[in-house]
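Colleague: take a look and give me a structure for this.
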Amino acid sequence: MTGSKIFLVAAEPSGDSLAAGLIREIRDLKPEIQISGIGGTGMAAENVSSDFDISSLAILGFTEAVRALPMVRRKVREARDMIMLERPDAVILIDSWGFMIRVAEALKKSNYTGHIIKYVAPQVWAMRPGRAKTLARFADHLLSIQSMDPPYFEKYGLPVEFVGNPMFDEDFSPTHKGDFRERHKLGDERIVTVLFGSRPAEIDSLYEPFANSVEQVLAKHQDVHICTIAPPNIQDKLNGLRQNDKRIAKVMDIDADDKKALFANTTVALAASGTVTTQLAMSGTPSVVAYKLSPITFAIARHLYKPNHISLVNISADERIIPEFMQGDVTADKLLLELFKFLQDDDYRAAISQRLLRQIDVMKGKGGSASKRAASAVLKILDEAYRSSTFT
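Modeller: I've put the predicted structure just below:
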């Protein structure tokens, strides 16, 4: 396996973060492995970068995906050409179903001879079970982060390794409070953190109700500080909307490096549904969650989606620990009702905080770092391929 080459592809910030963790663990186990790829700032921080711009691939919803299809096809061809030029021993395609399955198909049709490894399965237990059969056609291995995944894919002959959710590898515990308040001159006042999302479509749909909510929170609670963190891929779009908007003029921008400290010090968050809501729960921080799709996408999704909740914590618990709002219910009035409960009732907030921490313990499971288990699984695939080629 000496001199083996791996190529990683991440198309969104969450996948980029998973890739960065995987790169670190692979290098820790096998420093001689050559790693290249396509990704964002997380991979770049691990010295794996390219000229391939992933920002346009953060797509949410059916109608948005249809409009973006010509761009996606072009990006698929670019990714395929980069991979075929390098001829790595394995390609790891991380999350982002719509883009990655097209890359996998393009590689198979181009007679790529290495191993195609999909990292993070499509959530066929929630909707669209037919994707399991499709993935089995174009991928050689699946690294699963959910314990319920394997049976759906193994029945189609796709080898599955359950490695656990790398989200829990990172420590977002309440112990990260540190000197955050002193550094930002926030005193003992309560903090509301507003997280607009990580995709352009989320900004389009959630900016107005979130901005209106911020305005009303500040009108009723003048001692509250409002903070936000914007992922790099949507920063320009969000800044453009915020410019000269008096409703959120007092919102304080926090650097991404301070994310853990911000979450640990946050009283309550107003957040787009996604990874951040689980990270907030890991901090014991309640959130009010919003999720809004285009009308056509929602009409399709409501007939396909099986779980009763949208947040991973609520899905895992099968109960509404944190309040969620979808579609027409995403209004400032409804969001504020829940925000004010957490701001005005300390006992209620503390009770929800403890329930979140207990549920996170359940979700973490046992067995150490998921990223290290994923790295070990990748290296095992390469080692078995090497042994097979040596003795045939």
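Colleague: report how many residues lie close to the nearest residue to D253 once chain neighbours are set aside.
Modeller: Closest residue to D253 apart from its sequence neighbours, by Cβ to Cβ, 6 or more residues apart in numbering: T228 at 6.2 Å. C-beta: built from backbone N, CA, C; applies to glycine. T228: 21 surrounding residues under other Cβ atoms under 10 Å.
Colleague: could you point out which element follows the helix or strand of the chain with the lowest mean pLDDT?
Modeller: In the chain, no helix or strand scores lower on mean pLDDT, DSSP states H and E than helix 295-304, which sits at a mean of 55. Next along the chain after helix 295-304, taking DSSP states H and E as the criterion, comes helix 312-317.
Colleague: how far is that next one from where the chain is centred?
Modeller: 15 Å (Cα atoms, centre = their mean, to the nearest Å).
Colleague: returning to what we had before: and the residue nearest to D253, how far from D81?
Modeller: Plainly put, T228 is 38 Å away from D81 if you go by Cβ to Cβ, to the nearest Å.
Colleague: related to what we said a few turns ago, need the contact list for the residue nearest to D253.
Modeller: T193, V194, L195, F196, V251, M252, D253, I254 (Cβ atoms under 8 Å, 6 or more residues apart in numbering).
Colleague: can I get those in TSV with neighbour count, secondary structure and distance to Q359?
Modeller: Shown next, in TSV, are these (neighbours: other Cβ atoms under 10 Å; DSSP: H, G, I helix; E, B strand; the rest coil; distance: Cβ to Cβ, whole Å):
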residue	neighbour count	secondary structure	distance to Q359
T193	26	strand	20
V194	21	strand	23
L195	27	strand	20
F196	26	coil	25
V251	20	coil	29
M252	14	strand	29
D253	12	strand	30
I254	19	coil	26
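Colleague: can you list these in CSV and add pLDDT and distance to S147?
Modeller: Below are these laid out as CSV (pLDDT from 0 to 100; distance: Cβ to Cβ, whole Å):
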residue, pLDDT, distance to S147
T193, 97, 30
V194, 96, 33
L195, 95, 27
F196, 91, 31
V251, 91, 39
M252, 92, 39
D253, 92, 38
I254, 93, 34
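Colleague: report the two of those separated the most.
Modeller: Using Cβ to Cβ, the contacts of T228 span at most 14.2 Å, a distance reached by F196 and M252.
Colleague: what segments of the stretch 201-350 of the chain are strands?
Modeller: 225-228, 252-253, 268-272, 287-291, 324-326 (DSSP state E, counting those that start in this stretch).
Colleague: which of those sits most buried?
Modeller: Each of these was given a mean neighbour count from mean count of other Cβ atoms under 10 Å, and the largest, a mean of 27, is that of strand 287-291.
Colleague: by contact count, what packs against it?
Modeller: Other helices and strands packing on strand 287-291, by 3 or more Cβ pairs under 8 Å, 6 or more residues apart in numbering; DSSP states H and E, are helix 200-220, strand 268-272, helix 275-282, strand 324-326, helix 332-344.
Colleague: I'd like to know how far D258 sits from C227.
Modeller: Relative to C227, and taking Cβ to Cβ, D258 is found at 9 Å.
Colleague: show me what the mean pLDDT comes to for the longest helix along the chain.
Modeller: When the chain is parsed with DSSP state H, its longest helix is helix 62-86. What helix 62-86 shows for mean pLDDT is 82.
Colleague: export the helices and strands packed on strand 287-291 to JSON lines and tack on distance to D51?
Modeller: Below are these laid out as JSON lines (distance: least, Cβ to Cβ, whole Å):
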{"stretch": "helix 200-220", "distance to D51": "21"}
{"stretch": "strand 268-272", "distance to D51": "29"}
{"stretch": "helix 275-282", "distance to D51": "26"}
{"stretch": "strand 324-326", "distance to D51": "38"}
{"stretch": "helix 332-344", "distance to D51": "40"}
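Colleague: thank you kindly, that will do.
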